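[1] Requesting a structural model of the entry that follows:
(2 chains)
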Protein chains: 2
Amino acid sequence: MRRNMVLMIISGSYARGISPYKVLTMDSINENIVKMKYAVRGPLLQKSSKIIADLAKGVKKPFKEVIMTNLGNPQAMGQPPITFIRQMVATTLYKDLLNDECIPCDVRKRANEILHDTLGESLGSYTHSQGIQVIRQHVANYIMKRDGECSTVDPEDIFLSDGASSMIKTILSLYATEDECEMPTGCLLSVPQYPLYSASTTAYGLRKIDYYLDESENWGLSIAELKRAINEAKDDCIPRFLVIINPGNPTGQVLTKENIEDTIKFAYEEKLLILADEVYQDNIYDEDSEFHSIKKVMVEMGEPYSNMELISFNSASKGYAGECGFRGGYAEFFNIDKNIKDMIIKMVSVMLCPNAVGQIILDGIICPPIKGDLSYRLYMEEKEEILDNLATKAEKITEMLNDIDGIECNTVQGALYAFPKIKLPKKFIKEARKNKRAGDEEFCMQFLDAKGVTVIPGTGFGQVHGTYHFRTTILPPLKKLEYVVSALDDFYEKIKKKYN
Amino acid sequence: MRRNMVLMIISGSYARGISPYKVLTMDSINENIVKMKYAVRGPLLQKSSKIIADLAKGVKKPFKEVIMTNLGNPQAMGQPPITFIRQMVATTLYKDLLNDECIPCDVRKRANEILHDTLGESLGSYTHSQGIQVIRQHVANYIMKRDGECSTVDPEDIFLSDGASSMIKTILSLYATEDECEMPTGCLLSVPQYPLYSASTTAYGLRKIDYYLDESENWGLSIAELKRAINEAKDDCIPRFLVIINPGNPTGQVLTKENIEDTIKFAYEEKLLILADEVYQDNIYDEDSEFHSIKKVMVEMGEPYSNMELISFNSASKGYAGECGFRGGYAEFFNIDKNIKDMIIKMVSVMLCPNAVGQIILDGIICPPIKGDLSYRLYMEEKEEILDNLATKAEKITEMLNDIDGIECNTVQGALYAFPKIKLPKKFIKEARKNKRAGDEEFCMQFLDAKGVTVIPGTGFGQVHGTYHFRTTILPPLKKLEYVVSALDDFYEKIKKKYN
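    The predicted model follows:
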């Protein structure tokens, strides 16, 4: 009894005795959730929402609009959708269009094919928890085409999901810590990294093992650094996961085949499962870069590497389609134990199914019209225009940023981001500390206030101590992107003058 | 070091030394996930999938098709979608339809209004993590209209979600147990209950506190029983949540206002937060029953009850629309601490946003066309036809089931289910035990084999020890539902003959 009383006080329920009591209190909830951080939609975004609201009310600001370069949200920045994909979704869900001449016949055919594979021929039915069968087959075909003959894929190893994020979270939650006395699972995360990973490892009580990407080697993976990281962590946890984001977020690099091979060997030696975040696999701009899927490299390396477990993720939100709002994605399970797959099926079943429209959007991306189809030409034109546009901006932003004295930016080889390093005056950093902010956090906050541009401070992604970065997307139209960089130049110039 | 070695063996990593090693193993993952059960899509469904595949291959069976009455999946059973809703979604996502005369002008107006509130005027953009603003306002209006003048709702207290399930899981995860030495949070769940709750409490290490619904009082809540349940549990946990499903799943009852008032008083005395699962609020068939939202009753009771915390859930998957596949839903936060809401916003932000189409489907339900709108008449006709149809089947199935000797079924007052009690011969139950199944599990498995009908055994929902039930939806078309009951009668007769 006494033990219970003490515990009740610790867990915050004592405070509930005071009237009016509250059940949900900050001191009673799981503290990992309190600790969890997610920079991409954090305080900076709250500030920008407030500024947008102020502008709408007519409040005067030194700018007319807020340019949101914080999030990989292409269509929010004006990127148009692919016509075929939208037609297909509209037709599957409003079936009058199946007989409408304004919809091309290949679209209607595909819509019929998908509807045939849903219960009651309706998207209003829950789908299979793993996703619609014909779409999983299309994903399998896509991977086999991408990776060449050596790769075979069983649709039963494909899990469609609400974006890539939901399945990544589900996998990590397999090792949620139940018990403080137990050794937590270690998860090797790059620094910098996409904060979904740090947020989820924190929430589930996993141990984050930081390995630093080599900025001087265009954000490549260094095996020596991976070894250092894992060796330092082994006493505190059981390392199980190695997260690789390729092309990189927030860093925009594309890993070389050799770099991937070395990393696979390291993972094999250390008995790690690679989580391959390959959501930007279609976003390659640099002419000397090529996307190599980790699956393909693993299979080509032969045994024992081709027997390693691997889970790879892809998304409808990135690539050229940029269909973020629909939350479509998939995961491929490679060499994963059948019992574990059954656990995952059980876990996703509790949520019934991934949303049906996200699945169909994904289908339009991984199974585009082929030569001879009525929609083929338009699809290819739209796709190429989007990718050419991104490639132009990737090159331009690298150039423009490097033209600014005090800023250094690696070539944006892929993905949707530049992650430049910025020298900040010591006095500025000191002043930031007074506001309880890191130098880059203060810089981004003030930049937003002065110029109406939201870029995310490097602190949100992680960086070498004492260095400062920020992440900007390459998504605004070129004119706006040019404004972003010139506004940055101007603002930075003033900071340098004031604090140096 | 020694401690670590021992722990590594316990947590299964010892086995990884054996070649070929596996990282993801059943003995290394969180054991709560292994323990977790979810009956609605469990072994019975795997069996039915196999039978469906066999039938498709031409394998002979004593039936021509499998009738899936296991899941509240209306459109899978042929229920048509509401035209207005589908037109609106098609128009928002394929914008050529904004100028198409085949789409009624009120639909186009609504589509424009919603698009105006999305970034880049596209559903392809991530929405606000809490959901599209104008839709949250519509939800607030809906609740105020439903609950009358005393209820005010701030759209900031509305969270749109991927179905109701995802937000229910998020709330429960606030109290995921980090540490075995800590008192777990207790969650009062009805017996029987919808297994999302038992699955989630197991997964998060919450303590499930069973309270039995009173079958003899048409599955009403008994305060004496609630008190018994909580008093027996208090030494092992800190009770925080009381889950109320009204109308009931799997039990189909509609709670009276008095019953709700007494339950609110109980929750107040015991300092519990009510989670009000009201996803069937539009599914009321019994003429003497009326839906009372817990929010409304709480507010009408005045202080101190009107100051209590409450979280209520609603879904696009149920009601008359039955749009399950789109995963739309919302939660209303009432009297919840601002800091806790911020935590929830952070948690949903990691997943970026609920899917945009699910949000729009929901909008079509909670903000239907009004008198004078072009789509009004058709909408109302379609809605009424669906609800009349369900009401007819609710009455019919209660009658038909009660006509079978050995089966007793409470009136299906609401929701989509009947949950009859069935007397099973002692010998049959003994034989089931040999197959490691409860009597009702064996009955449902054999019934599926013999007649091609999937009903879910009461074991999956919970029931008084020594009683047996099953859940069937009322969704198949009347003719099929009649077949289901006559097939049941026939099969049950044979069981009785063989084992009595």
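[2] how about the strands of chain A, start to end?
    Ranges of strands in chain A, per DSSP state E, are A:67-68, A:158-161, A:185-191, A:207-212, A:238-245, A:273-277, A:310-315, A:329-334, A:407-408, A:417-418, A:421-422, A:453-454, A:456-457, A:470-473.
[3] The last one near chain B at all?
    No: between strand A:470-473 and chain B, judged by C-beta under 8 Å from any C-beta of the partner chain, nothing touches; the nearest distance is 12.3 Å. Just so you know, the C-beta spots here come from the backbone N, C-alpha and C atoms, and that holds for glycine as well.
[4] How about the fifth one?
    Yes: applying C-beta under 8 Å from any C-beta, one finds strand A:238-245 in contact with chain B at A:238, A:240-241.
[5] re the thing from before, of the strands of chain A, which approaches A:Asp286 most closely?
    The minimum distance between A:Asp286 and these falls on strand A:417-418, with 12.8 Å, by C-beta to C-beta.
[6] Just give the number of residues close to whichever residue of the stretch 401-500 of chain A sits closest to chain B.
    Closest approach between the stretch 401-500 of chain A and chain B, counting by C-beta to the nearest C-beta: A:Leu475, at 10.1 Å. By the criterion of other C-beta atoms under 10 Å in any protein chain shown, A:Leu475 has 25 neighbours.
[7] Surely it and A:Leu416 touch.
    Yes: contact criterion C-beta atoms under 8 Å: A:Leu475 and A:Leu416 qualify, at 6.1 Å.
[8] what touches both of those two?
    A:72, A:74 (C-beta atoms under 8 Å, 6 or more residues apart in numbering or on different chains).
[9] show me where pLDDT drops low in the stretch 51-200 of chain A?
    Under the criterion pLDDT under 70, the flagged ranges of the stretch 51-200 of chain A are A:178-181.
[10] Quick check, A:His128 in contact with A:Cys353.
    Yes: taking contacts as C-beta under 8 Å, A:His128 lies within contact range of A:Cys353: 6.7 Å.
[11] okay, those two: which has more neighbours?
    Neighbours per residue (other C-beta under 10 Å) separate A:His128 from A:Cys353, with A:Cys353 holding more: 24 against 21.
[12] How many neighbouring residues does the residue nearest to A:Ile294 when sequence neighbours are not counted have?
    In this structure, A:Ile294 finds its nearest non-sequential neighbour in A:Ala276, 4.2 Å apart by C-beta to C-beta, 6 or more residues apart in numbering or on different chains. A:Ala276: 25 surrounding residues under other C-beta under 10 Å.
[13] same check, this time on A:Thr152
    A count of neighbours around A:Thr152, defined by other C-beta under 10 Å, yields 11.
[14] Now do the same contact list for it.
    A:Met144.
[15] can you give me phi and psi for it?
    phi -110, psi 150 (degrees, to the nearest 10).
[16] pLDDT at the residue nearest to A:Ile294, what is it?
    Looking at A:Ala276, its pLDDT is 98.
[17] what about it, distance to A:Gly252?
    Distance, A:Ala276 to A:Gly252, using C-beta to C-beta, to the nearest Å: 17 Å.
[18] Equivalent analysis for A:Leu45, please.
    As for A:Leu45, its distance to A:Gly252 is 21 Å (criterion: C-beta to C-beta).
[19] These two: which is more packed in?
    Of the pair A:Leu45 and A:Gly252, A:Gly252 is the one with more neighbours under other C-beta under 10 Å, namely 30 against 20.
[20] Now the phi/psi pair for the residue lying closest to A:Asp54 once chain neighbours are set aside, please.
    Spatially, and ignoring its direct neighbours in sequence, A:Asp54 is nearest to A:Lys61 (7.0 Å; C-beta to C-beta, 6+ apart). A:Lys61 has phi and psi values of phi -130, psi 160 when expressed as degrees, to the nearest 10.
[21] Could you tell me which residues of the stretch 151-300 of chain A lie near chain B?
    Counting by C-beta under 8 Å from any C-beta, the stretch 151-300 of chain A sits next to chain B at A:162-163, A:165-166, A:169, A:173-183, A:195-196, A:199-200, A:203, A:205, A:235, A:238, A:240-241, A:271-273.
[22] Pull the number of nearby residues for the nearest residue to A:Gly439 once chain neighbours are set aside.
    Spatial nearest neighbour of A:Gly439, excluding adjacent residues (C-beta to C-beta, 6+ apart): A:Ile429 at 4.0 Å. By other C-beta under 10 Å, the residues close to A:Ile429 number 18.
[23] Kindly report the same for A:Lys496.
    Residues near A:Lys496, counting by other C-beta under 10 Å: 15.
[24] repeat for A:Lys64
    7.
[25] Ok, A:Val453 next?
    Residues near A:Val453, counting by other C-beta under 10 Å: 25.
[26] which residues does it contact?
    Applying C-beta under 8 Å, 6+ apart, the residues near A:Val453 are A:66-67, A:69, A:447, A:484, A:487-488.
[27] How about A:Ser375?
    Neighbouring residues of A:Ser375 by C-beta under 8 Å, 6+ apart: A:83-84, A:87, A:104, A:106-107, A:369.
[28] What separation do you get for the residue nearest to the spatial centre of chain A and A:Leu213?
    For chain A, the residue nearest the mean C-alpha position is A:Tyr194 (6.1 Å; C-alpha atoms, centre = their mean). In this view, A:Tyr194 and A:Leu213 are 12 Å apart by C-beta to C-beta.
[29] Flag every residue of the stretch 351-500 of chain A that's near chain B.
    Within the stretch 351-500 of chain A, the positions adjacent to chain B are A:351-358 by C-beta under 8 Å from any C-beta.
[30] Need the max-distance pair from the residues you listed.
    By the measure C-beta to C-beta, A:Met351 and A:Val357 form the most distant pair in these, at 15.7 Å.
[31] the more surrounded of those two?
    When neighbours are counted by other C-beta under 10 Å, A:Met351 and A:Val357 differ, and A:Val357 comes out ahead with 30 against 21.
[32] could you measure that one against B:Gly131, distance?
    From A:Val357 to B:Gly131 the distance is 16 Å (C-beta to C-beta).
[33] now A:Gly462
    30 Å.
[34] Show me which of the two is the more surrounded one.
    Remark: of A:Gly462 and B:Gly131, B:Gly131 carries more neighbours, 26 against 21, as counted by other C-beta under 10 Å.
[35] which residues touch the residue nearest to A:Ala90 when sequence neighbours are not counted?
    Spatial nearest neighbour of A:Ala90, chain neighbours left out: B:Tyr94 (3.6 Å); criterion: C-beta to C-beta, 6+ apart. Each residue near B:Tyr94 by C-beta under 8 Å, 6+ apart is listed here: A:86-87, A:89-90.
[36] Phi, psi for A:His128 please.
    Residue torsions, per degrees, to the nearest 10, at A:His128 are phi -50, psi 140.
[37] got the buried residues for stretch A:247-263?
    A:247-256, A:259-263 (16 or more other C-beta atoms under 10 Å in any protein chain shown).
[38] and the two most separated of those?
    Applying C-beta to C-beta across those, the maximum distance is between A:Pro250 and A:Glu261, 24.5 Å.
[39] picking that back up, could you export the residues of strand A:238-245 next to chain B as CSV, including neighbour count, pLDDT and distance to B:Lys497?
    Converted to CSV, the residues of strand A:238-245 next to chain B look like this (neighbours: other C-beta atoms under 10 Å in any protein chain shown; pLDDT from 0 to 100; distance: C-beta to C-beta, whole Å):
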residue, neighbour count, pLDDT, distance to B:Lys497
A:Ile238, 23, 93, 58
A:Arg240, 26, 95, 56
A:Phe241, 25, 96, 57
